[in-house]
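>>> Quick one, fold the following:
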Amino acid sequence: MSIYVDADACPVKAEVEKVGTRHGLHIFIVSNGGLRPSQNPLVDTVIVPEGPDVADQWIADRAGPGDVVITGDIPLAAKCIEAGAQVLKHNGEALTERNIGQVLATRDLMADLRAADPFRQGGGKGFTKADRSRFLDALERAVRAASG
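Residues are numbered from 1 along each chain as shown. From the prediction side, this is the model:
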């Protein structure tokens, strides 16, 4: 079992390392650069070449049953769920076979709305302490479910 983190703009890398280390799990922090490598021997910092979705493809090619993937990227989440991995968003929300279709449809709808109104600003919520706490709890539960 491994944990894969889509690390570009990920606010919970330290929490992943904390939970993963407690359980002795191999953690892959994947990005296209700009991250300081961890000194933790369980953590591999993977730097992929620049390009759209290169980090996502690296994760999708490797994640499978028993693994946990941390991402806010909905198409990546769908690929990982299809491969049998558990997926968590940064706020602790689990993406599953049951809800990924609706989440993909909502994502596409929002992209269409943004394209129709190029002056539309913001819309995203800030990351809160409650989100961080929910994420820690969800990751702990996901790791226990995958290893048990």
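>>> C-terminal to the host helix or strand of I29, what's the next element?
Assigned by DSSP states H and E, I29 belongs to strand 26-31. Next helix or strand after strand 26-31 toward the C-terminus (DSSP H and E): strand 43-47.
>>> Export only the CA atoms of that next one, formatted as CSV.
The C-alpha trace of strand 43-47 is given here as CSV (Å, rounded to 0.1, in the frame of the first residue of the first chain):
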residue,chain,number,x,y,z
VAL,A,43,8.7,9.8,1.3
ASP,A,44,9.8,9.9,-2.3
THR,A,45,9.6,13.3,-3.9
VAL,A,46,8.9,12.7,-7.6
ILE,A,47,9.6,15.6,-10.0
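>>> So which elements touch the next helix or strand after it?
Helices and strands here follow DSSP H and E; after strand 43-47, the next one along the chain is helix 54-60. On a contact count with 3 or more CB pairs under 8 Å, 6 or more residues apart in numbering; DSSP states H and E, helix 54-60 meets strand 2-6, strand 26-31, helix 74-82. In short, each C-beta sits where N, CA and C put it, glycine included.
>>> hmm, try it at 6 Å
The helices and strands touching helix 54-60, judged by 3 or more CB pairs under 6 Å, 6 or more residues apart in numbering; DSSP states H and E, are strand 26-31.
>>> pull the CA atoms of the longest helix along the chain into PDB?
Taking DSSP state H as the criterion, the chain has its longest helix at helix 129-147. The C-alpha trace of helix 129-147 is given here as PDB (Å, rounded to 0.1, in the frame of the first residue of the first chain):
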ATOM      1  CA  LYS A 129      -8.500  24.500  10.000                       C
ATOM      2  CA  ALA A 130     -11.800  22.500   9.900                       C
ATOM      3  CA  ASP A 131     -10.900  21.200   6.400                       C
ATOM      4  CA  ARG A 132      -7.400  20.200   7.600                       C
ATOM      5  CA  SER A 133      -8.900  18.400  10.600                       C
ATOM      6  CA  ARG A 134     -11.500  16.600   8.400                       C
ATOM      7  CA  PHE A 135      -8.700  15.600   6.000                       C
ATOM      8  CA  LEU A 136      -6.600  14.100   8.800                       C
ATOM      9  CA  ASP A 137      -9.600  12.100  10.100                       C
ATOM     10  CA  ALA A 138     -10.500  10.900   6.500                       C
ATOM     11  CA  LEU A 139      -7.000   9.900   5.700                       C
ATOM     12  CA  GLU A 140      -6.600   7.900   8.900                       C
ATOM     13  CA  ARG A 141      -9.900   6.100   8.100                       C
ATOM     14  CA  ALA A 142      -8.800   5.400   4.500                       C
ATOM     15  CA  VAL A 143      -5.500   4.000   5.500                       C
ATOM     16  CA  ARG A 144      -7.000   1.700   8.100                       C
ATOM     17  CA  ALA A 145      -9.600   0.500   5.600                       C
ATOM     18  CA  ALA A 146      -7.000  -0.100   2.900                       C
ATOM     19  CA  SER A 147      -4.700  -2.000   5.300                       C
END
